[in-house]
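>>> have a look at this prediction, sequence included:
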Number of protein chains: 2
Amino acid sequence: MRAEIIAIGSELLTPYKTDTNSLYLTEKLLETGIKTDYKTIVGDSRETLYKAVKDASKRVQLIITTGGLGPTEDDITREVVANFLKKELILHEDIVSDIKKHFSFRKLKMPEINIRQGFVIDGAEIIKNSVGTAPGQWYEDENIKIAILPGPPSEMKPMVENFLLKKLKKYSSFHYKTRSMRIVGLTESAVEEKIEDIISGLKNPWVNILAIPGQIEINIMARGKEGKDEALLKGEEVFKKVYDRLKEHVFTLQKDKFEKVIGEMLLKSKRDIAVAESCTGGLLANRITDISGSSAYFERGVVSYSNRAKIEMLKVKQETIEKHGAVSKETAKEMAEGIRKLADTHYGIGITGIAGPTGGTMEKPVGLVYISLSTPEKTEVFQYRFIGRREKIKWQSSQQALYHLWKDLKGDE
Amino acid sequence: MRAEIIAIGSELLTPYKTDTNSLYLTEKLLETGIKTDYKTIVGDSRETLYKAVKDASKRVQLIITTGGLGPTEDDITREVVANFLKKELILHEDIVSDIKKHFSFRKLKMPEINIRQGFVIDGAEIIKNSVGTAPGQWYEDENIKIAILPGPPSEMKPMVENFLLKKLKKYSSFHYKTRSMRIVGLTESAVEEKIEDIISGLKNPWVNILAIPGQIEINIMARGKEGKDEALLKGEEVFKKVYDRLKEHVFTLQKDKFEKVIGEMLLKSKRDIAVAESCTGGLLANRITDISGSSAYFERGVVSYSNRAKIEMLKVKQETIEKHGAVSKETAKEMAEGIRKLADTHYGIGITGIAGPTGGTMEKPVGLVYISLSTPEKTEVFQYRFIGRREKIKWQSSQQALYHLWKDLKGDE
């Protein structure tokens, strides 16, 4: 069975808003074994929506609409789909009474216009809305299956999980399985080169490589019948081969955030950390503290943007800055050692560099960054030359700092 | 003229990637006076793309495709559109020679498969690619107009600006004009209430309100003929009325980032700043230093996550923490004053709170945040109760801190 998702809403045809529901829907459908062939976006216009539904009905067997179920004149989905199916809309008093309860629970009176949300296409099943007011609807006959879902993700998702996927299960003889891994410390092209012979030409399973600076995610997806299906087995085999080539760089098989994985390693090893940042300007501390519970291992951070701050707070020696510059191996080292001593932690990280776009010189160009990791045993300094815009250079610097920390934690496991 | 954008690429039908080209395209088309009625997304399949183009040709007068112009077997756009138009594909040697130059400039030999990118639909105009290898194409006859553009935004955008918009100008008798403003210090519902009587029921001009926590953007768009058109004049009038109601909260009419506006005000007033963060964990410093040139006014930051850090680095009194707690009005005040004195800056900001999801109590729940702004004249403390997830609470805290700073800078202008 092939599907088309139709997202409805004039705001989705402006430069300001993009449809994200369909990302969730394609994933859930895939897991059920249903492939999405088309995604269509239309505004709140009866004419264009009618055409979109009609065209979709000729090219796929399952249509899923999201949006256009509100109580106003602009919310046209019920009406247009009923029109297309040549069915009546029937007012369900029990839905209206549910909507009234929803309002009275919030000590409000239901506005008259909300009655519109009580209309259901003749012959359609009602999909309960556990969060908001508009119910979803499910219609099927010998020609077409249509699921009508609300636009807000918080209302749409429970309907998919509690109703739609169960409904669709019986129409799918296929099954999709995805294995994932996330990787640090390798560039995208290095990853591709390492696994090219394994993945090239694969159609089922197929391999998707997603890169953000400093991190690569690999998804291996296979489609097959449940059980000992050849494609599913082959998917598992490809996963193992890829993992084997890259395992030294894999930090999660569960799509966990890098900061979270590192936090768990710090907790487990009972080690704490403090950071001294110059060019990253607080980004590293911010990323570490995005993890709930990070106060257990993150002691403090210093954003030593000025030389005075480096000297006063981190005890970087004035001569070091004068002789080697604020952006230097030596300064990074003294920053890492300084913050570690100041905070009395196991780890200290120091970062100094030129984030740009101004401030670069021939000798010290934009993107030159020194990262130092200090422990009670040793202090190391790594030199990088990042490219890209300011935010990207900041991001990569924080990512590589976390990478060196992760390697050290891993080495001691 | 009505348009449909067709984005081509199987990766756009996975949960991993969304089409963003169409946001840019709808905006540029709107400016030219052309409304996008449909956006369609299809995979790299000859059959589905053919159907998509065919259906589009029946419902709109202009089709714009993006993607599927690469050199591999999967890049099917040229072929499918030629098929649909019942036209030949003709190899243009001059394009191949341009592609060869593109490779040799990077000291590479052109792979044989790239010859595919030299094929042009009979009767189509070539749109030069100033960045990559695949040229775009423009085809028009009495029935349909089709622009074929590459997927990478860096290649697509110059083609739109240098070729497509000029081409389309003659088909549009309309003109769109947008006026924008960004607002801080008001909630979305407060903004709506303040301007409801001005904007309610408006269709042309129409008003779009976009909210992110702590910031609202209002766009007023009008469609009309150039010159003294009624709708355009009315758009200007609505803009002025809305601005008048909200002007105390408007920080930019140019869509500038809040951090940037504040940076310019700091520069202009020759004032500098240092920040002491607890629950925001470096986010505020990170946002301030995202602005190029911020080292001119940002002296330093301290992420005092532990009590010890607050006491040692910021000179917060131990008794204050013992008596009132680390999350208290008093601690926030001492943090702001402490960092201001330490850094010897005009402004000091102190933030302490509970970002959650753990760590809340009945008395001090998750979301409770104290923000203090200290100047040589006075130190103020503001109490907030934010709701939402950890990252959202951190964001809103940093946003409100910037808001109080902005108000102070503004008051002195």
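Perfect, thanks for sending it. Numbers count the residues shown, from 1 in each chain, chains lettered A, B, ... in the order given.

>>> for the longest helix anywhere in chain A, buried residues please.
The longest helix of chain A (DSSP state H) is helix A:390-411. In terms of neighbour count (16 or more other C-beta atoms under 10 Å in any protein chain shown), helix A:390-411 has its buried residues at A:390, A:392-406, A:408-409. Yep, even glycine has a C-beta here, placed from its N, CA and C like the rest.

>>> and what of stretch A:17-37?
By neighbour count on 16+ other C-beta under 10 Å, the buried set for stretch A:17-37 is A:18-19, A:21-23, A:25-30, A:32-37.

>>> hmm, back to that, keep only the buried residues of helix A:390-411 that also lie close to chain B.
The subset of the buried residues of helix A:390-411 lying close to chain B, counting by C-beta under 8 Å from any C-beta of the partner chain, consists of A:390, A:394.

>>> of the buried residues of stretch A:17-37, list those near chain B.
Applying C-beta under 8 Å from any C-beta to the buried residues of stretch A:17-37, those adjacent to chain B are A:18-19, A:22-23, A:26-27, A:30, A:35-37.

>>> mind listing which of those residues are in strands?
Using DSSP state E, the members of those that fall within strands are A:35-37.

>>> residue closest to the middle of chain A?
The centre of chain A sits closest to residue A:255, judged by C-alpha atoms, centre = their mean, with a distance of 9.2 Å.

>>> kindly report the residues of the stretch 1-150 of chain A close to chain B.
A:11-20, A:22-24, A:26-27, A:30, A:35-43, A:45, A:48, A:51-52, A:55, A:59.

>>> how far does stretch A:57-77 stretch from start to finish?
One end of stretch A:57-77 to the other measures 15 Å (C-alpha to C-alpha, to the nearest Å).

>>> walk me through the domains of chain A.
Domain assignment for chain A by automatic domain parsing gives A:2-169, A:175-252, A:259-411.

>>> lowest average confidence across those, which one?
Mean pLDDT is lowest for domain A:175-252 out of the domains of chain A, coming in at a mean of 89.

>>> that domain and chain B, are they touching?
Yes. Using C-beta under 8 Å from any C-beta, domain A:175-252 reaches chain B at A:208, A:210, A:219.

>>> residues touching the closest residue to chain B within the stretch 101-250 of chain A, list them.
Going by C-beta to the nearest C-beta, chain B is nearest to residue A:210 of the stretch 101-250 of chain A, at 5.6 Å. With contacts defined as C-beta atoms under 8 Å, 6 or more residues apart in numbering or on different chains, the neighbours of residue A:210 are A:216-219, B:16-17.

>>> so it sits in a strand?
Yes. The assignment for residue A:210 is a strand, going by DSSP: H, G, I helix; E, B strand; the rest coil.

>>> distance of the residue of chain A positioned farthest from its centre from chain B?
Within chain A, residue A:319 marks the point farthest from the mean C-alpha position, 45.4 Å out by C-alpha atoms, centre = their mean. Distance of residue A:319 to chain B, computed by C-beta to the nearest C-beta, to the nearest Å: 21 Å.

>>> A helix includes that residue, no?
Yes. Under three-state DSSP, residue A:319 sits within a helix.

>>> relative to residue A:134, how far out is it?
70 Å (C-beta to C-beta, to the nearest Å).

>>> do residue A:230 as well
Applying C-beta to C-beta to residue A:230 and residue A:134 gives a distance of 44 Å.

>>> more crowded one of the two?
A direct count of neighbours by other C-beta atoms under 10 Å in any protein chain shown for residue A:230 and residue A:134 places residue A:134 higher, at 26 against 11.

>>> about what we covered before: so the residue nearest to the centre of chain A lies in a helix, does it not?
No. Counting by three-state DSSP, residue A:255 falls outside a helix, being coil.

>>> so it makes contact with residue A:215?
No. Using C-beta atoms under 8 Å, residue A:255 is not in contact with residue A:215, being 11.3 Å away.

>>> who does residue A:352 form a beta bridge with?
When assigned by DSSP bridges, residue A:352 has beta-bridge partners residue A:370.

>>> OK, contacts around it?
A:278-279, A:326-328, A:331-332, A:335, A:369-370.
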